[in-house]
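Engineer: sequence and predicted model, in that order:
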Amino acid sequence: MADFVGSIDQGTTSTRFMIFDHGGNEVARHQLEHEQILPQAGWVEHNPVEIWERSSAVIQTALGKAGLTSNDLAAFGITNQRETTVVWDRNTGRPYYNAIVWQDTRTDRIASALEREGKGDVIRQKAGLPPATYFSGGKIQWIFENVDGVRAAAERGDALFGNTDSWLLWHLTGGTNGGVHVTDVTNASRTMLMNLETLDWDEELLGFFDIPRQMLPTIKPSSSPEPYGMTLRHGPVAGEVPLTGALGDQQAATVGQVCFSPGEAKNTYGTGNFMLLNTGTEIVRSQNGLLTTPCYKFGDEPAVYALEGSIAVTGSAVQWLRDQLGIISGAAQSESLARQVEDNGGVYFVPAFSGLFAPYWRSDARGAIVGLSRFNTNAHLARATLESICYQSRDVSDAMTADSGVELETLKVDGGVTANDLCMQIQADILGVPVSRPVVAETTALGSAYAAGLAVGFWQNTEELRQNWNESQRWEPAWTDEQREEGHARWKKAVTRTLDWVDVE
């Protein structure tokens, strides 16, 4: 068998291709950013063609860097930004509209109408999700209502829908020349259209959005011994490699962090934050504002589920300091600037740029900086930005404890923001538990590699994957209980200042 597994990680701001060996060690990577298209307030789009071009480029470059060919890859996995919605023409391969990104809030009218019409509880029960702008179903409906001819094309079978996993899988397996139209259970679960129990598209839910079933991809396991398809000799991989793993990015990170037992949790720090708690084969329905979601499905084994807390704006708040305010030149500078002060100086920043996600689910909220005095500097704002990442995670952790009855003992963390030592120390202080980062911090790409490799026997079982996990760094809490509770109480007060800002129909 070949010595390596390849994994494409198609994220919100960039796409990377990584190659891993049997020990789960990184062999090579290449990464490229893509444009963030912001047509108006609350709208966020990507160009799907650019995403495919970037994906092709990173695959070719990473293989070239490592001196490898398709013959060296035993399998190929994909992980991706979830909920970001692409609708394209199966005959031409052209998107009918830009990809509507998960952060986009233009569908607030659709989400509010679902709740008002009493459909919200049905969606919660069947799909495990609240009606929200976050998910794909409303985005498809918006495209039908606003882009001429797409609904008719969908009814004819010409228009295809997918999150970015389906878009890339279709291209990698031939595109207009026989490309496969598939997704996995984790991505399908982010649409408001899949039934958690049957793991299939639900006719009642499709009816809520008036979406023709024929435009939807076939739902497959996350790790599939029967390949979704093969990469093409004339494509970016330049050879036939079985495509056997697909996971939405946060489920992939959970697999990469080897959270295979009920009660194990991880938190990924990227554009947003996403905390997942493995609940085993039991579907746990949240009473505290969390999502119920498939965690993974390996082959014919029963699906494993999770509770998820999704936070819209964390790492992107640091980008905002850089790109919109210009007070830092790069993400790393947020740490050095924040270290110039010992605390936040009374400043709290709630970055509700896209409303508030878990556990609040308030699309009427917008960002607020509160507690300012003339004493405060840009260093206090930088510190408050890092604290906002950690306080939002505390809110989600508290909700998970309330839903599951499991007290968090250690938080496994991954993603780009974990390179910020100060932020991770603040996270330990705010949670009151140790925070642990693995040697391989890019666990999304690793998780989809694991799913792909398990399917072809590159790795035999999950116990073998556990042996690959090694801790890189641990942060122990240093705050007193009094500091912790006082800070959190002020944070909760700041959150109330963001509510009822936007009038939602």
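Structural biologist: Everything's here; your move.

Engineer: which residues are in contact with stretch 427-439?
Structural biologist: Here stretch 427-439 makes contact (Cβ atoms under 8 Å, 6 or more residues apart in numbering) with 257, 387, 389-391, 393-394, 397, 408-414, 418, 424, 469-479, 481, 483-484, 487-488. For every residue, glycine as well, the C-beta is placed using N, CA and C.

Engineer: swap that for stretch 117-134, sorry
Structural biologist: 83, 102, 104-108, 110-112, 114-115, 135, 138, 189-197, 202, 204-205, 208, 283, 285, 289, 291-293, 310, 312, 354-355, 357, 361, 363.

Engineer: dump it to PDB, restricted to CA.
Structural biologist: This file holds the C-alpha atoms of stretch 117-134, laid out as PDB (Å, rounded to 0.1, in the frame of the first residue of the first chain):
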ATOM      1  CA  GLU A 117     -45.300  29.600  11.100                       C
ATOM      2  CA  GLY A 118     -44.600  27.000  13.800                       C
ATOM      3  CA  LYS A 119     -42.100  25.000  11.700                       C
ATOM      4  CA  GLY A 120     -39.100  25.700  14.000                       C
ATOM      5  CA  ASP A 121     -39.900  22.900  16.400                       C
ATOM      6  CA  VAL A 122     -40.200  20.400  13.600                       C
ATOM      7  CA  ILE A 123     -36.800  21.400  12.300                       C
ATOM      8  CA  ARG A 124     -35.300  21.100  15.800                       C
ATOM      9  CA  GLN A 125     -36.800  17.700  16.300                       C
ATOM     10  CA  LYS A 126     -36.000  16.200  12.900                       C
ATOM     11  CA  ALA A 127     -32.700  18.000  11.900                       C
ATOM     12  CA  GLY A 128     -31.400  18.900  15.400                       C
ATOM     13  CA  LEU A 129     -31.000  22.600  14.300                       C
ATOM     14  CA  PRO A 130     -32.900  25.800  15.000                       C
ATOM     15  CA  PRO A 131     -34.200  27.800  12.100                       C
ATOM     16  CA  ALA A 132     -31.200  30.200  11.500                       C
ATOM     17  CA  THR A 133     -29.400  32.100   8.800                       C
ATOM     18  CA  TYR A 134     -26.400  29.800   9.400                       C
END
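
Engineer: which positions in that stretch come out as buried?
Structural biologist: 119-120, 122-124, 126-134 (16 or more other Cβ atoms under 10 Å).

Engineer: that older thread, among the contacts of stretch 117-134, name the ones in helices.
Structural biologist: Asp108, Ile110, Ala111, Ser112, Leu114, Glu115, Gly138, Glu204, Leu205, Phe208 (DSSP state H).

Engineer: could you pick out the buried ones from the residues you listed?
Structural biologist: Asp108, Ile110, Ala111, Ser112, Leu114, Gly138, Leu205, Phe208.

Engineer: pick the one among the residues you listed closest to Ala455.
Structural biologist: Leu205 (28.8 Å; Cβ to Cβ).

Engineer: wait, that closest one touches Ser189, no?
Structural biologist: No - checked against Cβ atoms under 8 Å, the pair Leu205 and Ser189 is beyond contact range at 11.5 Å.

Engineer: for the host helix or strand of Ala252, packing partners?
Structural biologist: If you go by DSSP states H and E, Ala252 is part of helix 249-256. Under the contact definition 3 or more Cβ pairs under 8 Å, 6 or more residues apart in numbering; DSSP states H and E, helix 249-256 sits against strand 73-80, strand 265-269, strand 273-280, strand 291-296, strand 304-311, helix 443-456.

Engineer: quick check: angle from that helix to strand 273-280?
Structural biologist: 60 degrees (axes from the mean of the first three to the mean of the last three Cα atoms, to 10 degrees).

Engineer: quick one: residues in contact with helix 249-256.
Structural biologist: So helix 249-256 is contacted by 9, 11, 79-82, 186, 222, 247, 266, 268, 270, 274, 276, 278, 293-296, 306, 308, 310, 414-415, 440, 442-448, 450-451, 465 (Cβ under 8 Å, 6+ apart).

Engineer: helix/strand/coil for Ser397?
Structural biologist: helix (DSSP: H, G, I helix; E, B strand; the rest coil).

Engineer: export stretch 399-415 to PDB, keeping only CA atoms.
Structural biologist: Output of stretch 399-415 as PDB, limited to C-alpha atoms (Å, rounded to 0.1, in the frame of the first residue of the first chain):
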ATOM      1  CA  ALA A 399     -24.500  24.900  27.900                       C
ATOM      2  CA  MET A 400     -22.900  21.500  27.100                       C
ATOM      3  CA  THR A 401     -22.600  20.800  30.800                       C
ATOM      4  CA  ALA A 402     -26.300  21.600  31.400                       C
ATOM      5  CA  ASP A 403     -27.400  19.400  28.500                       C
ATOM      6  CA  SER A 404     -25.100  16.400  29.100                       C
ATOM      7  CA  GLY A 405     -24.400  16.500  32.800                       C
ATOM      8  CA  VAL A 406     -20.700  16.000  32.000                       C
ATOM      9  CA  GLU A 407     -18.300  18.500  33.600                       C
ATOM     10  CA  LEU A 408     -15.400  19.500  31.400                       C
ATOM     11  CA  GLU A 409     -12.100  18.200  32.800                       C
ATOM     12  CA  THR A 410      -9.700  19.300  30.000                       C
ATOM     13  CA  LEU A 411     -10.400  21.100  26.800                       C
ATOM     14  CA  LYS A 412      -8.600  19.900  23.600                       C
ATOM     15  CA  VAL A 413      -8.000  22.800  21.300                       C
ATOM     16  CA  ASP A 414      -6.900  23.200  17.700                       C
ATOM     17  CA  GLY A 415      -6.900  25.700  14.900                       C
END
